[in-house]
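>>> sequence first, predicted coordinates after that:
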Amino acid sequence: MIEVVGLGKRYGRTTAVRDLSFTVRPGRVTGFLGPNGAGKSTTMRMILGLDRPSSGHALIDGTPYRELRHPLRKVGALLDARWVHPNRSARDHLRWLARTNRLPPGRVDEVLDQVGLTAVARKRAGGFSLGMAQRLGIASALLGDPEVLLFDEPVNGLDPEGIAWIRGLMRGLARQGRTVFVSSHLLSEMSQTADELIVIGQGKLISQSTVSEFVAAATEHTVRVRSPQVERLQKALVHKGATVEQDGATLVVGGLSSAEIGELAAAHGVVLHELNPQRGSLEEAYMRLTAGAVEFGTS
Ligand SMILES: Nc1ncnc2c1ncn2[C@@H]1O[C@H](COP(=O)(O)OP(=O)(O)OP(=O)(O)O)[C@@H](O)[C@H]1O
């Protein structure tokens, strides 16, 4: 489990992260979503003890990263896939990591196999494609068989096959009961991979919910209602605090769900000919949400 409590980070006059609190639980993939510059990498670096928070703290199973006795056995992370000596082979890189962290050498071949790099294990990592480098970075993260995994934008620059592979891997790791925390700036990507979503904008928490809750809340905007008794319905809706636009026998209603409108109509004996929730696209909803955070952040 990862717990972030009141976390903040300032770089000079820039506030990258402000008063951020959330929990990442085991057994599921938690997506960490926000536009470029929202503070995702900074937050992950603070969780991993690579950046010192200006306020608050981050704990991994109750302990700050820097105080973990065997960090690689507890936490695996992929931050920058290009972090590897270009002249070393994939295998030598992993062997060196295993040796310096007192991990069993037998894990090296296991993780190479797990990420599909066995055939190129003796090739120099400097010649690897982005997809291969990404797999090697993931092999490094998995080396200590950790319970907690952090991936920063793992699908950036990958082809569809690589993306599908990473998605399957993350879901498999979560099914094994591990804590999987993965960042992305693409909602479409996260909505296909994650069970839960933590959304930030301008370094602040916007929401933490399941993906389906987020999608339902973010996309149901207005409801189109058609009725032969439109005047009566409009009165009842306005009385309930809804916003209503009328176009002949059709109303476009904001502020109430289709279920609430249906029930209200029934309670007033109003006949409905149409009750149609208008869903915006997920990306539109996400942009609206994070744009709000930008305004909030600068005001
Ligand atoms: N070392 C640093 N010095 C100064 N400012 C920094 C530093 N690291 C990050 N920032 C600033 O902090 C803010 C958050 O950056 P961060 O990289 O954490 O965002 P992000 O959500 O990971 O974005 P991206 O999706 O682009 O990677 C940005 O305004 C960035 O310019």
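Cool, got the structure. Numbers count the residues shown, from 1 in each chain.
>>> quick check: which element contains residue 216?
helix 211-219 (DSSP states H and E).
>>> up against the ligand, what does this structure have?
11, 14, 16, 34, 36-42, 185 (C-beta under 6 Å from any ligand atom). For glycine as for every other residue, the C-beta is placed from the backbone atoms N, C-alpha and C.
>>> residues in contact with whatever residue of the stretch 101-250 of the chain ends up closest to the ligand?
Here the stretch 101-250 of the chain gets closest to the ligand at one residue, residue 185, 4.7 Å apart by C-beta to the nearest ligand atom. Shown in contact with residue 185 (C-beta atoms under 8 Å, 6 or more residues apart in numbering): 33-36, 38, 40, 153.
>>> can you say which of the residues you listed are buried?
Listed as buried from those are 33-35, 38, 40, 153; burial here means 16 or more other C-beta atoms under 10 Å.
>>> pLDDT-wise, what's the bottom of these?
Minimum pLDDT for the buried ones among the contacts of residue 185 is recorded at residue 35 (84).
>>> ranges for the helices of the protein?
Taking DSSP state H, the helices of the chain run over residues 40-47, 71-74, 90-100, 106-114, 130-142, 160-175, 187-193, 211-219, 230-239, 258-267, 282-298.
>>> so which residues make contact with the second one?
Around helix 71-74, the neighbours that count as contacts under C-beta under 8 Å, 6+ apart are 60-61, 65, 68, 97, 101, 103, 143-148.
>>> what's the nearest residue to residue 155 if we skip its chain neighbours?
Once flanking residues are discounted, residue 155 sits nearest to residue 163: 4.7 Å by C-beta to C-beta, 6 or more residues apart in numbering.
>>> low-confidence ranges, the stretch 151-299 of the chain, go.
Applying pLDDT under 70 to the stretch 151-299 of the chain picks out residues 218-220, 280-282, 285, 292-299.
>>> per the annotation, how does the chain divide into domains?
Split into domains by automatic domain parsing, the chain comes to 2-216, 228-272.
>>> residue 288 is nearest to which of those?
domain 2-216 (10.7 Å; C-beta to C-beta).
>>> quick one: terminal-to-terminal distance for that closest one?
With C-alpha to C-alpha, to the nearest Å as the measure, the first residue of domain 2-216 is 26 Å from its last.
>>> repeat that for stretch 257-275.
10 Å.
>>> would you mark the buried spots in that stretch?
Neighbour-count burial for stretch 257-275 [16+ other C-beta under 10 Å]: 258, 261-262, 264-265, 270, 275.
>>> likewise stretch 161-177?
For stretch 161-177, by 16+ other C-beta under 10 Å, it's 162-163, 165-167, 169-170, 173-174.
>>> quick one on the thing from earlier: going by distance to residue 26, which of the contacts of helix 71-74 wins?
For the contacts of helix 71-74, the closest approach to residue 26 (C-beta to C-beta) belongs to residue 147, at 7.0 Å.
>>> I'd say the closest one and residue 76 touch.
No - contact criterion C-beta atoms under 8 Å: residue 147 and residue 76 do not qualify, at 9.1 Å.
>>> the two: which is more packed in?
residue 76 (26 against 18; other C-beta atoms under 10 Å).
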